[in-house]
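A.B. asks: 3D, please:
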Amino acid sequence: MVFLHSSIELYGSDRMLLNVIDTLPEGWTAEVWLPDDVPFLADGLPAELTARGVDWTVRALPVLRRRYLRPLPLIGMLSRAAALRGQLRRARPDMVYVATSALLLAAPVARLAGFQRTVLHAQEIWAGTEGRILAALARSVSDVVCISEPVRVSLSAPVRRRARVIANAVPDSAEPIVDRSEVDGPLRYVVASRWNAWKGHETLLNAWRAAGEPGHLTILGGPPPIGAAVDVPALVRDLGIGGSVTIGGEVASVRPYLDDVDVMIVPSDQPEPFGLVAIEAFCRSRPVIGSDGGGLADIVGDGETGWLYPLRDVSALAAVLSSVGRDDALERGRNAREAYLHRYAPSRYAAEFASVWAAGG
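C.D. replies: Down below sits the predicted model:
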């Protein structure tokens, strides 16, 4: 089968592509087609695919990006779609898997090429004009897998009827969980995401200052290759909070950093379709402070596995940061680990995806 993917990094949707491939039945083979319109990162997704023995190629895919919504780029998009039709006919896969909504133009292309089984992995919340365009394209999809209930609810009614929710999962670690119950000193926090404007770094850093810099904060990630970004180092400097904030930059995995902190923060200003980094924290028995919207609100139990605050509310986030104590963090971290084992483990993920593959076997 052919997987069409719109990214080449190792963030949420990229890691979920790897997880989905890991669920394929014995004897099934996957080939991944990656986009040519983003900077190539050999040590990103391609390296992980190679390590798994999965074939991949970079191709001129018709990825729906905002920068293409102009007359000339749209003409180029149609050319890419026509080329994809020919490539699919030559490859003759048993199934086409559209790994993100950004590649939904491939669905009608696959239908025109004669393929009856096209699966969409919906990893975005659909809204507004973009949502209506995606809904029209999704008419050519045979099956839809949604990463959360908020994603499923955002789909148009005809698409929703073909959709099922399979919550994301992350693999467990062989390393023992680091116990921080005997650690002295202020609490340590980490935030890990691309520095997209909607990811809430400005909200978090303003709240951090308003709360009196209540510990130490490590910021992982970097600016996105495309789209609006926040200059995080400049923001830290302008707010005068450099003494309590460390910028760690891009890292291969957040897990070593989770072992050195007490709490993960996911401060997104818009509803997260899921919030994969939150279950990474749960896996390592770390609670999460998160904004109360989208899939993140389904993952984080306020008062149980973490703390929730209203989207974009600096004062509310500052109040949460001021209230967190070590005992609370430890207790909610233990609850988070239990939630991971029951809801977000790979065994559950593989079992639910088995029904997807059975329908097309």
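A.B. asks: Can you get me a residue count around Ala82?
C.D. replies: 13 (other CB atoms under 10 Å). (Glycine included, C-beta is placed from N, CA and C.)
A.B. asks: Let's verify Phe3: helix, strand, or coil?
C.D. replies: strand (DSSP: H, G, I helix; E, B strand; the rest coil).
A.B. asks: what residues are up against it?
C.D. replies: 17, 20-21, 30-33, 97, 99 (CB atoms under 8 Å, 6 or more residues apart in numbering).
A.B. asks: repeat that with 7 Å
C.D. replies: 17, 30, 32-33, 97, 99 (CB atoms under 7 Å, 6 or more residues apart in numbering).
A.B. asks: Can you tell me which of these is nearest Ala211?
C.D. replies: Distances from Ala211 to those, taken as CB to CB, are shortest for Leu17 (37.1 Å).
A.B. asks: how far away is the nearest residue to that closest one once chain neighbours are set aside from Ser6?
C.D. replies: For Leu17, ignoring the flanking residues on the chain, the nearest one in space by CB to CB, 6 or more residues apart in numbering is Ala99 at 5.1 Å. Here the criterion is CB to CB, to the nearest Å. By it, Ala99 lies 7 Å from Ser6.
A.B. asks: and what of Phe115?
C.D. replies: From Phe115 to Ser6 the distance is 19 Å (CB to CB).
A.B. asks: And these two? Which one has more around it.
C.D. replies: Counted by other CB under 10 Å, Phe115 and Ser6 do not tie: Ser6 has more neighbours, with 25 against 20.
A.B. asks: The more buried one contacts Leu105, doesn't it?
C.D. replies: No - between Ser6 and Leu105 there is no contact under CB atoms under 7 Å: 10.6 Å.
A.B. asks: what about Ser181, neighbour count?
C.D. replies: 9.
A.B. asks: my read is it is in a helix, agree?
C.D. replies: No - under three-state DSSP, Ser181 falls outside any helix and is assigned coil.
A.B. asks: buried residues in the one helix or strand Leu317 maps to?
C.D. replies: For Leu317, the element it lies in under DSSP states H and E is helix 314-323. Buried residues in helix 314-323, counted by 16 or more other CB atoms under 10 Å: 314, 316-318, 320-321.
A.B. asks: Could you check the pLDDT of Lys199?
C.D. replies: Looking at Lys199, its pLDDT is 98.
A.B. asks: for Tyr340, same thing?
C.D. replies: Looking at Tyr340, the pLDDT reads 98.
A.B. asks: Then the one 5 residues further on?
C.D. replies: You'll see Ala345 listed with a pLDDT of 96.
A.B. asks: Go ahead and confirm it touches Ala169.
C.D. replies: Yes - here Ala345 reaches Ala169: they are 6.1 Å apart, a contact under CB under 7 Å.
A.B. asks: Of these two, give the one with the bigger neighbour count.
C.D. replies: Between Ala345 and Ala169, Ala169 has the larger neighbour count (other CB under 10 Å), namely 26 against 17.
A.B. asks: dump the residue contacts of the more buried one.
C.D. replies: The neighbours of Ala169, taking CB under 7 Å, 6+ apart as the test, are 19, 344-346, 348-349.
A.B. asks: filter the residues you listed to the buried ones?
C.D. replies: 19, 344-345, 349.
A.B. asks: now those in CSV, with distance to Arg286?
C.D. replies: Compiled in CSV, the buried ones among the contacts of Ala169 are given as follows (distance: CB to CB, whole Å):
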residue, distance to Arg286
Asn19, 20
Tyr344, 13
Ala345, 16
Tyr349, 20
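A.B. asks: out of the residues you listed, who's nearest Cys283?
C.D. replies: Using CB to CB, the buried ones among the contacts of Ala169 come closest to Cys283 at Tyr344, 7.4 Å.
A.B. asks: can you pull the contacts of the closest one?
C.D. replies: 167-170, 279, 282.
A.B. asks: 6 Å instead?
C.D. replies: Taking CB atoms under 6 Å, 6 or more residues apart in numbering as the contact definition, Tyr344 lies against 169, 279.
A.B. asks: Roughly how far does it sit from Glu331?
C.D. replies: 19 Å.
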